[in-house]
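**Student:** Below is the sequence, then the predicted model.
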Amino acid sequence: MESNRQRKVAQIIQEDFAELFRKQASESKQSILISVSDVKVTADLGIAKIYLSIFPQEYRTAVMKEIEENKPQYRNFIGQKMAKQVRIIPQLNFYLDTALDDVEKLERELRGEGDNPVL
């Protein structure tokens, strides 16, 4: 059960990272869409799990690698944004959210376009 404080901190992180990734995508030469699909914060506000959806799929590993390499800069960025609202800036853990891919795969299977034979 999430507390109100956890939800507020998660919402702030989600909004700030969504804006940051939107700006980075507009400045990039490649057309990559990175959306922050969810943020979960631990009860002590020490760790934030950030779930990202990255499109197109072929850039996922490269983008996730770059994000992992730049984690200190992202933590500094969020620290500046949240400095007045929290005492401790949470550690950031980024995860790839593949929920939309799973839904698409399931829909393809139901239409009979996948490996599953149509009965």
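**Tutor:** Received, thanks. Residues are numbered from 1 along each chain as shown.
**Student:** Which positions in the biggest helix by length in the chain come out as buried?
**Tutor:** Ranked by number of residues, the top helix in the chain under DSSP state H is helix 4-27. Within helix 4-27, the residues that count as buried by 16 or more other CB atoms under 10 Å are Gln6, Val9, Ala10, Ile12, Ile13, Gln14, Asp16, Phe17, Ala18, Leu20, Phe21. (Glycine included, C-beta is placed from N, CA and C.)
**Student:** Would you mind giving those residues as a markdown table with pLDDT and distance to Val86 added?
**Tutor:** A markdown table is the format used below for the buried residues of helix 4-27 (pLDDT from 0 to 100; distance: CB to CB, whole Å):
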| residue | pLDDT | distance to Val86 |
| --- | --- | --- |
| Gln6 | 93 | 11 |
| Val9 | 93 | 6 |
| Ala10 | 95 | 12 |
| Ile12 | 94 | 9 |
| Ile13 | 96 | 10 |
| Gln14 | 96 | 15 |
| Asp16 | 95 | 13 |
| Phe17 | 96 | 15 |
| Ala18 | 95 | 19 |
| Leu20 | 95 | 18 |
| Phe21 | 93 | 21 |
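**Student:** and the gap between Gln30 and Tyr51?
**Tutor:** Between Gln30 and Tyr51 the computed distance is 22 Å (CB to CB, to the nearest Å).
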